[in-house]
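J.: Sequence plus predicted model, see below.
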Amino acid sequence: MSRKRHALAARDAHITTLRSVIVVMILVCAGLFWGWKTSPDRLNVHVPPDLRTGSTRVWWKVPEPNIYTFAVYVWQTINRWPVNGEVNYKRNIQVFNTFLTPGCRNYLDNEYEQRRARGELKGRVRGIYEIPGRGFQNDSPEGPGGVRVIDRDHWIATLDMGVSESYAGTSVRDAYVRYPIYVSRVDNDPDANPWGLQIGSADGCFAGVPQRLGYADDDSDADQPSEVASP
């Protein structure tokens, strides 16, 4: 009888151990499932455009060429008025809202109202383009086409762009302008903003005052900012 009691006790102890292992495994699986459900389903990794020599990147670093491309794309599209500036400009600001910081959005809204009040938008057609030969420059972070790194999440892109405006088929503006565009990292809505970047800071869109470089038909002073220019 004693031998049978020991066998039954050993069996019961083994069953208890197996039950404990099962409970632990269930808890571990539940923890793994919770971690899988709460982990991000998308990781935004910025890759430099030139991969001829390969590239090793940490996931949070944004290459300077990507910052420059983003700034040019957003700024050029916002300032493209194909038919009527009074309608197109307002629409562009609304459509690109997720690509603008609240400070930059407020600046553009105010600028829109001021220009509309002065009659500078109704019927106005506008185009903005990168000046040929003034694209991204690796060796000049402070100069035209350069990107200056402020910190991990903030940059200043210097864009030299041509701005042309016309009214009723008559040219009213055709100038070169230098824009010191502030760019910030804001990874808060990857569906609406896959770049994870926004134009502007808390105070506005620019890191300095935009300056007129010259006129499109005269390159003699194109490298010397001469006067303040409206965006």
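T.: Everything's here; your move.

J.: Please make it C-alpha for all contacts and neighbour counts, starting now.
T.: Noted.

J.: Pull stretch 13-26 out as CSV, backbone CA atoms only.
T.: Output of stretch 13-26 as CSV, limited to C-alpha atoms (Å, rounded to 0.1, in the frame of the first residue of the first chain):
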residue,chain,number,x,y,z
ALA,A,13,2.9,16.0,-8.2
HIS,A,14,3.8,15.5,-11.8
ILE,A,15,0.3,16.5,-12.9
THR,A,16,0.5,19.6,-10.7
THR,A,17,3.9,20.5,-12.3
LEU,A,18,2.6,20.0,-15.8
ARG,A,19,-0.4,22.2,-15.0
SER,A,20,1.9,24.9,-13.6
VAL,A,21,4.0,24.7,-16.8
ILE,A,22,0.9,25.1,-18.9
VAL,A,23,-0.3,28.1,-16.9
VAL,A,24,3.2,29.7,-17.3
MET,A,25,3.2,29.0,-21.0
ILE,A,26,-0.3,30.5,-21.4
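
J.: got the contact list for that stretch?
T.: Residues from elsewhere that reach stretch 13-26 (Cα atoms under 8 Å, 6 or more residues apart in numbering): none.

J.: Now the longest strand along the chain: buried residues?
T.: What stands out as the longest strand in the chain, according to DSSP state E, is strand 170-185. Within strand 170-185, the residues scored as buried using 16 or more other Cα atoms under 10 Å are 174-185.

J.: cool, stretch 62-72 as well?
T.: In stretch 62-72, counting by 16+ other Cα under 10 Å, buried: 62, 64-68, 70-72.

J.: cool, and stretch 86-98?
T.: In stretch 86-98, counting by 16+ other Cα under 10 Å, buried: 86, 88-90, 92-93, 96-98.

J.: residues touching Leu121, list them.
T.: 84-86, 115.

J.: Now restrict those to buried residues only.
T.: Of these, these count as buried by 16+ other Cα under 10 Å: 84-86.

J.: These in helices, which ones?
T.: Of the positions in the buried ones among the contacts of Leu121, 85-86 sit in helices, assigned by DSSP state H.

J.: Arg11: how many residues sit nearby?
T.: When counting by other Cα atoms under 10 Å, one arrives at 12 neighbours for Arg11.

J.: tell me which element it falls in.
T.: helix 2-38 (DSSP states H and E).

J.: Tell me which other helices or strands the next helix or strand after that helix touches.
T.: As assigned by DSSP H and E, the chain's next helix or strand after helix 2-38 is helix 64-78. Helices and strands touching helix 64-78, by 3 or more Cα pairs under 8 Å, 6 or more residues apart in numbering; DSSP states H and E, are helix 85-95, strand 124-130, strand 147-151, strand 154-167, strand 170-185, strand 197-199.
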